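Participant: the following comprises the amino acid sequence and a computationally predicted model.
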Amino acid sequence: MRGYSEQFEGRFLPITADEIASHPALQELIRRQSQALLIAYEANPRQSSIFATQQRWLMGHIGFAVYFNRDAGEPGLLTSRFLDMTQAYAVASRNTADAFLKELLNYGYIEYCPESDDRRARPVRPSQSTFDAIHGWIMVHLATLDGLDGGQRLATYLATSDGMDRIEPLICEGLLSSQAIREPANTFSLFTWLNNGGIIMERLIVGLEDASSGAEQLSTSITSIAEMGLWLQLSRSHLARKLREAEALGSIGWRGKRGSSVMWVSRGFLGEIAAAQAAKLAVIDAAYEASLAPEIG
């Protein structure tokens, strides 16, 4: 793998999505990553759930990008700029994006800037818990990238006082510009639009049997739709409907009675998840290389 072994204009080249997807350690690294993300979800399910569809996840990144790219002297992000960027990238309508901001304000995940004199625009900023959440998310993914090639991305990020300010806008730009991320294929796309759909896939990965077995159907630790829905705060009927769609595609199934036996995941679906993770990790690595990677003398 190339990673830190080649140089380009004074920097190491970022790892490509294809290189990440073909890395022999990827499945184990994704499993560890999923474990870390599930721990974060369990620590604050409400906050995690607010960002747990692809649309809301992207709007969250847009919010941080607008905040970190604000003009000098502005205490926070302006709602108009957030709405403009969300609409420009066709992530959501202005009404949907405005409702999203109001929900974040209602739960205290963003707050009005008290030092602002602009009563009309009323700039906002992320709360400390929201900063902590994105900080943790960045750390988890940098650790995964380090696991691929023995790099020091996480250490460099933690040693850089403005590391989040520098890397997050570039991560957002990369996510918004990636067709693989914006238009996921097949079964993966079913879950990206389901509330907590990403968490479902993290749970599948963590509870998966040894993927190196060569089996086409890999058993998971999930044995009940009802239990799964309760844990994810989803209605059983809504969750069951999505799972039936995935089952119709041959991506999941049950060893016994549907919904109350061991669930299996197809190797094809596992490949979709790995490809999506590889695309995301490649975006993050490119953002790291552009914003934080040490110059090579």
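Facilitator: Yes, it's here.

Participant: find the centremost residue of this protein, please.
Facilitator: Residue closest to the average C-alpha location in the chain (Cα atoms, centre = their mean): W57, at 6.8 Å.

Participant: okay, and that residue sits in which element?
Facilitator: helix 54-68 (DSSP states H and E).

Participant: what sits up against that helix?
Facilitator: 50-51, 76-78, 81-82, 85-86, 89, 91-92, 96-97, 100-101, 104, 110, 125-126, 134, 164-165, 168-169, 171-173, 175-176, 184, 192-193, 197-198 (Cβ atoms under 8 Å, 6 or more residues apart in numbering). To be clear about C-beta, it is placed using only N, CA and C from the backbone, and glycine gets the same treatment.

Participant: in PyMOL, how would I select the buried members of these?
Facilitator: In PyMOL, a selection of the buried entries from the contacts of helix 54-68 looks like this (16 or more other Cβ atoms under 10 Å):
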select buried, resi 50+51+76+77+78+81+82+85+86+89+91+92+97+100+101+104+110+125+126+134+164+168+169+171+172+173+175+176+184+192+197+198
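
Participant: among the contacts of helix 54-68, which lie within strands?
Facilitator: Here DSSP state E is the test, and the contacts of helix 54-68 give I110, R125, P126 as lying in strands.

Participant: so what's the second one up against?
Facilitator: I take that to be R125. Contacts of R125 (Cβ under 8 Å, 6+ apart): Y67, P75, G76, L77, I110, E111, C113.

Participant: from these, which has minimum pLDDT?
Facilitator: Within the set of the contacts of R125, pLDDT is lowest for P75 (87).

Participant: any idea how far the residue nearest to it when sequence neighbours are not counted lies from E74?
Facilitator: Spatial nearest neighbour of P75, chain neighbours left out: C113 (3.9 Å); criterion: Cβ to Cβ, 6 or more residues apart in numbering. Going from C113 to E74 by Cβ to Cβ, to the nearest Å gives 9 Å.

Participant: got any residues that touch both of the two?
Facilitator: Common neighbours of C113 and E74 (Cβ under 8 Å, 6+ apart) are P123.

Participant: returning to what we had before: quick one: which of the contacts of helix 54-68 sit in helices?
Facilitator: 50, 81-82, 85-86, 96-97, 100-101, 104, 134, 164-165, 168-169, 171-173, 175-176, 192, 197-198 (DSSP state H).

Participant: got the buried residues for whichever strand or helix holds R244?
Facilitator: R244 belongs to helix 236-248 when assigned by DSSP H and E. Neighbour counts using 16+ other Cβ under 10 Å place L239, A240, K242, L243, A246, E247 of helix 236-248 among the buried residues.

Participant: which is the next helix or strand following that helix?
Facilitator: strand 252-254.

Participant: packing partners for that following strand?
Facilitator: With contacts taken as 3 or more Cβ pairs under 8 Å, 6 or more residues apart in numbering; DSSP states H and E, strand 252-254 sits against helix 236-248, strand 263-266.

Participant: let's see 6 Å
Facilitator: Judged by 3 or more Cβ pairs under 6 Å, 6 or more residues apart in numbering; DSSP states H and E, strand 252-254 is in contact with strand 263-266.

Participant: can I get the CA coordinates of the strand it packs on in CSV?
Facilitator: The C-alpha coordinates for strand 263-266 follow below in CSV (Å, rounded to 0.1, in the frame of the first residue of the first chain):
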residue,chain,number,x,y,z
MET,A,263,-29.5,-12.9,11.4
TRP,A,264,-26.9,-13.5,8.7
VAL,A,265,-25.3,-10.9,6.4
SER,A,266,-24.2,-11.7,2.8
